[in-house]
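Trainee: Give the three-dimensional model of this entry:
(one chain, ligands or ions: 1)
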Amino acid sequence: MNFEFTEEQIMIQQTAKEFAESEIAPTSVERDKNGEFPTEIVKKMADLGFMGMMVSPEYDGAGMDTVSYVLAMIEISKVDASVGVIMSVNNSLVCSGLEKYGSDFIKEKYLKPLARGEKLGAFALSEPEAGSDATQQKTTAEKDGRFWVLNGIKNWITNGISADYHIVITQTDAEKRHKGITAFVVEKGTPGFAHGVKEDKLGIRSSDTCSLTFENCRVPEENIIWEVGKGFNFAMNTLNGGRYGIASQACGIADASFSAALKYSKERKAFGTEISNHQAIQFKLSDMATKTEAAKLLTYQAAALKDAGKDYVKEASMAKLFASKVAVENALDAIQIHGGYGYVREYLVERYLRDSKITEIYEGTTEIQKMIIARQLLKD
Ligand code: CAA
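Mentor: Numbering: from 1, shown residues only. Here you go, the predicted model:
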């Protein structure tokens with residue numbers, strides 16, 4: 001067992017940290033307040049190769065390993081979890097899925113600009129009546145010559161407004177349950193395809209989330225990902241990869257909460273001394289640091305297994321389950337340590353709590369992660 005990162009991994013981690021502190025941090029408070037998408041930041045991240053980190057250079061990606069991706073995601077999310085999720089969806093759910101399952105045509109036309117970060121992607125699986133129970137797709141696609149005609153509504157789509165290319169999961173044969181589900185790439189601007197208004201969210205407010213509607217939207221058959229009837233397997237396999245992305249985002253938030261609490265506890269005085277000298281605060285800090293480290297180790301493990309070409313489904317779900325719980329708990333503890341100052345915007349920790357909660361919900365709720373882990377345990 002080796003707990004050392006390579007020189008390249010450390011360099012990427014350092015680059016992400018410096019970028020986050022110099023380019024992302026200065027606008028994060030305002031963007032959170034105004035719900036403003038970080039368009040310029042995403043462009044700069046593309047220049048660093050952060051929008052297609054794990055994609056092979058053959059498809060214009062940065063060709064980095066999963067551990068590097070996780071390290072960069074943690075540093076970015078530590079400063080701004082909204083930017084973290086934009087990066088995670090493009091890398092883990094969109095680019096990774098297209099690289100593994102897309103045809104040569106899809107890779108050339110869609111993956112390359114996505115990996116270069118010139119275009120942004122979204123992943124549209126959830127629907128008003130199909131969240132955790134993802135086989136219940138109501139968005140239909142019917143074949144009409146060389147085209148498929150899409151009708152239906154998608155919900156809670158991250159990057160939904162800003163994305164250029166959307167991966168859309170549809171039902172093509174209701175009789176066949178998950179084997180009657182098919183995935184397409186749908187371009188922004190295709191007639192019959194529209195996005196709804198930006199959701200007014202509790203947290204990750206600088207990322208955009210919206211519904212998508214399809215009304216007789218004609219998509220060419222060459223935009224089918226993998227093949228007809230493979231859309232559910234595509235979504236499940238791709239989401240396994242997304243989960244270490246969200247685990248990394250949660251680790252970043254947990255780390256931010258711990259760091260803020262540590263700093264504040266060394267500055268704030270009560271009962272004649274810095275509050276860091278009180279055992280009640282020390283115990284909280286110890287728990288926060290230990291849990292953050294454990295969450296990171298689970299996340300690194302999932303990433304390292306993937307890099308080694310081994311099965312990582314259980315480990316990715318464990319990482320997401322644990323890291324998201326720690327993100328929420330650390331944010332709450334950070335607020336408690338800050339007292340009244342933790343409850344106002346000035347000290348950022350209230351944002352960490354608002355941003356943390358979604359990590360227990362999207363890309364599979366906490367309860368879904370437990371289902372996946374249990375199924376893997378019972379299978380072994
Ligand atoms: N990995 C790979 N394949 C899986 C899988 C997994 N974790 N879970 C199920 N499958 C496969 C099964 O092997 C089976 O395929 P075969 O028939 O080819 O063997 C197929 O999926 C159906 O399996 P089940 O009948 O067991 O599936 P199910 O109906 O019981 O559901 C589930 C399984 C894991 C609960 C699934 O519905 C699920 O993951 N739900 C959560 C969906 C989710 O994560 N949504 C998040 C939306 S995306 C998002 O949030 C993005 C964003 O914008 C940030």
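Trainee: Scan this protein for its longest helix.
Mentor: helix 231-267 (DSSP state H).
Trainee: what's the following helix or strand after that helix?
Mentor: Counting by DSSP states H and E, the next helix or strand C-terminal to helix 231-267 is strand 269-270.
Trainee: helices and strands around that following strand, which ones?
Mentor: Strand 269-270 sits against no helix or strand, with contacts defined as 3 or more Cβ pairs under 8 Å, 6 or more residues apart in numbering; DSSP states H and E. C-betas here are computed from N, CA, C, even on glycine.
Trainee: So which residues make contact with that strand?
Mentor: Strand 269-270 is touched from outside by 275, 278, with contacts defined as Cβ atoms under 8 Å, 6 or more residues apart in numbering.
Trainee: and the following helix or strand past it, which strands flank it?
Mentor: Remark: after strand 269-270, the chain's next helix or strand is strand 273-274, criterion DSSP H and E. Here strand 273-274 has these sheet partners by DSSP bridges: strand 269-270 (antiparallel).
Trainee: and the longest helix of the chain, which residues are buried?
Mentor: In terms of neighbour count (16 or more other Cβ atoms under 10 Å), helix 231-267 has its buried residues at 231-232, 234-235, 237-262, 264-265.
Trainee: Now do it: distance to the chain's middle.
Mentor: 8 Å (Cα atoms, centre = their mean, to the nearest Å).
Trainee: now do stretch 217-224
Mentor: 26 Å.
Trainee: Quick one: mean pLDDT over that stretch.
Mentor: The average pLDDT for stretch 217-224 rounds to 98.
Trainee: And it, what's buried?
Mentor: 217-219, 223-224.
Trainee: from those residues, which is closest to the ligand?
Mentor: The ligand has its nearest neighbour among the buried residues of stretch 217-224 in I224, at 17.4 Å by Cβ to the nearest ligand atom.
Trainee: Now do the phi/psi pair for the closest one.
Mentor: Per-residue torsions, I224: phi -70, psi 130 (degrees, to the nearest 10).
Trainee: Verify the contact between it and T172 for me.
Mentor: No - I224 lies out of contact with T172 (Cβ atoms under 8 Å); the separation is 9.3 Å.
Trainee: what's the burial count for E142?
Mentor: The tally of other residues near E142 (other Cβ atoms under 10 Å) stands at 13.
Trainee: any idea which element Q282 lies in?
Mentor: Using DSSP H and E, the element containing Q282 is helix 279-307.
Trainee: Now, the buried residues of stretch 217-224 that are in strands?
Mentor: Among the buried residues of stretch 217-224, the ones falling in strands (DSSP state E) are 217-219, 224.
Trainee: show me the contacts for Y59.
Mentor: By Cβ under 8 Å, 6+ apart, the contact set of Y59 is 52, 99, 107, 111-112, 115.
Trainee: cool, S88 as well?
Mentor: So S88 contacts 73, 242, 245-246, 248-249 (Cβ under 8 Å, 6+ apart).
Trainee: Over to A261?
Mentor: If you count contacts by Cβ under 8 Å, 6+ apart, A261 has them with 284-285, 288, 330, 333-334, 337-338, 349.
Trainee: Filter the contacts of Y59 down to the buried ones and hand me the ChimeraX line.
Mentor: Here is the ChimeraX selection string for the buried members of these, based on 16+ other Cβ under 10 Å:
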select :52,99,107,111,112,115
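Trainee: Closest one of the contacts of Y59 to K179?
Mentor: K179 lies nearest to E99 out of the contacts of Y59, by Cβ to Cβ, at 23.5 Å.
Trainee: any chance of the contacts of A261 in JSON lines, with distance to S88 too?
Mentor: Shown next, in JSON lines, are the contacts of A261 (distance: Cβ to Cβ, whole Å):
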{"residue": "K284", "distance to S88": "29"}
{"residue": "L285", "distance to S88": "28"}
{"residue": "M288", "distance to S88": "23"}
{"residue": "N330", "distance to S88": "19"}
{"residue": "D333", "distance to S88": "25"}
{"residue": "A334", "distance to S88": "23"}
{"residue": "I337", "distance to S88": "28"}
{"residue": "H338", "distance to S88": "28"}
{"residue": "V349", "distance to S88": "22"}
